[in-house]
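*Asks:* Fold the following and give me the result.
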Amino acid sequence: MRAYHPARGWRVIAVILGVAGSYVAHAQSGAYPDRPVRMVVPFAPAGGTDLLARMIAQRLSDALGQPVVVDNRPAVDGVVGTEIAARAVPDGQTLLMVSTSHAINAALGRKLPYDTLGDFAPIVHTANQQLILVVNAALPVRSVKELIALARAKPELLNYGSSSNATALPTELFKAMTATRIQHIPYKGSAPMLADLIGGQIQMSIAAAISTIPHVKSGKLRALAIADARRSSEFPELPTIAEAGVPGYQATIWSGLLAPVRTPASIIERLNREVVRIVQAAEFRARLLELGAESVGSTPAEWGAFLKSEIAKWRRIALEAKMSAD
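*Replies:* The predicted structure follows:
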């Protein structure tokens, strides 16, 4: 065994400190990112939020010079994936793409393993997605009024599917405003829900346009109305639910990016700048319009204020619809 030599020990310590010092200097130099960035999507692949996340991730990879990898973690209305992001190191290497479910989970009073507002740093409000009321193509209804009449004539015969609370609560609001009884069948993502809707296992859904429009165009699903207060530019002949017989009805899905709280402000500012540029580019905006969505882009402060207002709004709607976390 070689004898311990104090000078050699100090040299080892000096090397370790030197490496650590160079790492800190590198981190402080603003060289972000220095490795692939993970974008957690707390929903299944092929849904509206996932499709939007992938469109942004592809372009953000080019802007940052590092791959932005979408990591789908679907479970419990987005809670599992959201917790993963909340517990991540706040270094900008983990981002979270959220949708309306992020606010609804808090609005319903659900016991969450994270603080919906306090555990995250807002980056940017990316887009708003229209919702479409669609039915199985074989269902003998061609309007909202006919759907309401069928649901009232045969209470609890119809089933509706949802991929998250972001589509379940708007449908519960529709039920409350039309005095109908339609059974809720929850799914872990839009893809399996739409597959069952096309197959006839369920009869209707108020679903994200971005994932539903292709099936409407192919004739596999029949669109009855737009849930938003304005009509779709892709289907201008399609009435809104309010126009079609449910005055005052309106619902949309929004999406946006968050980071773990205490992520450096310089990183938040850069991500905001890059994503705003991406979502407001003419070709990106045009593509979203084709899919029934609309680019937004915002400051982090505007996005944070919007999230607070959405939690309050959906809390009021949940009370009116008598819907709880159960």
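*Asks:* After the worst-scoring helix or strand of the chain on mean pLDDT, which helix or strand is next?
*Replies:* When the helices and strands of the chain are compared on mean pLDDT, DSSP states H and E, helix 6-28 comes out lowest with a mean of 38. Note on helix 6-28: by DSSP states H and E, the next helix or strand toward the C-terminus is strand 37-41.
*Asks:* Direction included, what does that following strand pair against?
*Replies:* strand 68-72 (parallel), strand 94-99 (parallel) (DSSP bridges).
*Asks:* ok, and what's touching it?
*Replies:* When contacts are defined by CB atoms under 8 Å, 6 or more residues apart in numbering, strand 37-41 is touched by residues 49-50, 53, 56-57, 60, 64, 66-73, 81-82, 84-85, 88, 92-97, 257. In short, each C-beta sits where N, CA and C put it, glycine included.
*Asks:* and if you look at stretch 233-252?
*Replies:* 100, 128-133, 143-145, 148, 169-170, 173-174, 177-178, 206, 209, 213, 216, 223-232, 289-292.
*Asks:* for the strands paired with strand 37-41, which one ends up most surrounded?
*Replies:* strand 94-99 (a mean of 27; mean count of other CB atoms under 10 Å).
*Asks:* For the strands paired with strand 37-41, could you give me TSV that also reports mean pLDDT and distance to Leu238?
*Replies:* Formatted as TSV, the strands paired with strand 37-41 follow (pLDDT from 0 to 100; distance: least, CB to CB, whole Å):
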stretch	mean pLDDT	distance to Leu238
strand 68-72	98	30
strand 94-99	97	23
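*Asks:* possible to save the ones you listed as TSV with distance to Glu269?
*Replies:* What follows is those, written out as TSV (distance: least, CB to CB, whole Å):
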stretch	distance to Glu269
strand 68-72	17
strand 94-99	14
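*Asks:* who are the neighbours in contact with Ile202?
*Replies:* 136, 159-161, 185, 193, 196.
*Asks:* Can you say which of these are buried?
*Replies:* Neighbour counting over the contacts of Ile202 (16 or more other CB atoms under 10 Å) leaves 136, 159-161, 185, 193, 196 as the buried ones.
*Asks:* wait, which of the residues you listed is closest to Leu271?
*Replies:* Met193 (31.1 Å; CB to CB).
*Asks:* SS state for the closest one?
*Replies:* Following DSSP: H, G, I helix; E, B strand; the rest coil, we place Met193 in the helix state.
*Asks:* residues touching it, list them.
*Replies:* Applying CB under 8 Å, 6+ apart to Met193 gives the contacts 161-163, 187, 202, 205, 207.
*Asks:* Just the pLDDT for it.
*Replies:* pLDDT for Met193: 95.
*Asks:* And it, how close does it get to Val80?
*Replies:* For Met193, the distance to Val80 equals 18 Å [CB to CB, to the nearest Å].
*Asks:* again, but for Arg54
*Replies:* 20 Å.
*Asks:* Show me which of the two is the more surrounded one.
*Replies:* Arg54 (18 against 14; other CB atoms under 10 Å).
*Asks:* and that one, that one's in a helix?
*Replies:* Yes - according to three-state DSSP, Arg54 belongs to a helix.
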